[in-house]
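> Fold the following.
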Amino acid sequence: MKGHIRNKIDESIGRLDEHTEEILVVKEFLIEFDYATKYLSRLLKVRSFIMYLLFFKKAYFEEGLSEITVRLADLGENLLSDLGQPMSGDVVKRGISDLVHLNIIEKSIAKPGQINVYKVKLPSQIKFVQECIAKDLDFKEKIFDDTRTDYYTNPLSRLKILQRDDYKCFYCLRELSKEDFFLDHIKPRAFGGRNYKSNLLASCKSCNTKKNASNSQDFLLQNYRACLLTQREFTRQTNMLQNLVDEYNKINE
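Sure thing, here's the model as predicted:
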């Protein structure tokens with residue numbers, strides 16, 4: 001869906017002769033929003049993440065400025081407690097403190113009777129997000145230019161899958177060695193899955209046995225629920241899995 005939205009924006013830009021600048025601004029906003037939901041959600045707790053989105057929306061969508069003034073009460077109206085009531089000022093303050101501590105927003109202390117000024121960083125300006133983007137690009141480079149070569153039966157090719165997956169089981173992140181690892185098919189061979197690079201994952205013996213021919217995404221979720229992965233790790237592995245699936249589907253088109 002994200003790619004479809006971007007393609008539609010590109011088509012619109014290609015068709016119009018005027019207002020191109022405004023459309024590009026919208027496109028950049030959507031890309032930054034994508035970075036926030038894909039990467040920043042791994043770093044922040046739910047309430048802090050929602051609070052950032054409120055800051056981000058007000059700054060870059062409503063006002064078009066990185067520096068904004070906003071009342072805590074206004075933020076609280078958009079954050080509801082478990083009882084469905086507006087969030088208390090103390091909770092909002094703690095959320096803002098978390099964002100300031102992580103250097104995601106900067107707060108200028110206002111004089112008595114004045115509203116605080118906040119400088120909101122774009123997701124792409126946040127160090128953690130930059131690191132995530134770099135890792136994803138590196139991972140994609142490792143699976144791009146894939147061929148129909150058999151990576152499953154050739155010993156040297158098998159090692160390339162292990163290296164790509166950082167010598168860890170893709171499903172539980174257990175450390176693996178060259179002498180003790182398995183390869184798992186994302187699309188099982190029983191359902192026509194091929195031995196292509198983009199259809200193979202490094203796996204430990206335990207995960208390889210338990211997963212068998214089940215769905216890779218479902219198995220990742222099962223390991224997450226069993227506390228073998230943190231929420232951040234589960235999100236990262238899910239994104240990498242989708243990159244592989246997309247590449248495999250592209251080869252088979």
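> Counting neighbours, which bits of stretch 245-253 end up buried?
Buried residues in stretch 245-253, counted by 16 or more other CB atoms under 10 Å: Val245, Glu247, Tyr248. (Glycine included, C-beta is placed from N, CA and C.)
> would JSON lines of those residues with secondary structure and distance to Arg47 be doable?
Output for the buried residues of stretch 245-253, formatted as JSON lines (DSSP: H, G, I helix; E, B strand; the rest coil; distance: CB to CB, whole Å):
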{"residue": "Val245", "secondary structure": "helix", "distance to Arg47": "32"}
{"residue": "Glu247", "secondary structure": "helix", "distance to Arg47": "36"}
{"residue": "Tyr248", "secondary structure": "helix", "distance to Arg47": "37"}
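> My guess is Ala213 contacts Gly193. True?
No: using CB atoms under 8 Å as the test, Ala213 is too far from Gly193 to be in contact (9.3 Å).
> Show me the domain layout of the chain.
Listed domain ranges for the chain are 2-125, 144-251 (source: automatic domain parsing).
> Could you say which of those is packed most deeply?
domain 144-251 (a mean of 16; mean count of other CB atoms under 10 Å).
> pLDDT of that domain, averaged?
In this model, domain 144-251 has an average pLDDT of 90.
> Also stretch 75-86?
67.
> Quick check: which of the domains of the chain is nearest to Ile133?
The closest of the domains of the chain to Ile133 is domain 2-125. By CB to CB, the value is 6.9 Å.
> does the nearest residue to Tyr151 once chain neighbours are set aside sit in a helix or strand, and which one?
Nearest residue to Tyr151, sequence neighbours excluded (CB to CB, 6 or more residues apart in numbering): Ser157, at 4.2 Å. Using DSSP states H and E, Ser157 sits within helix 155-164.
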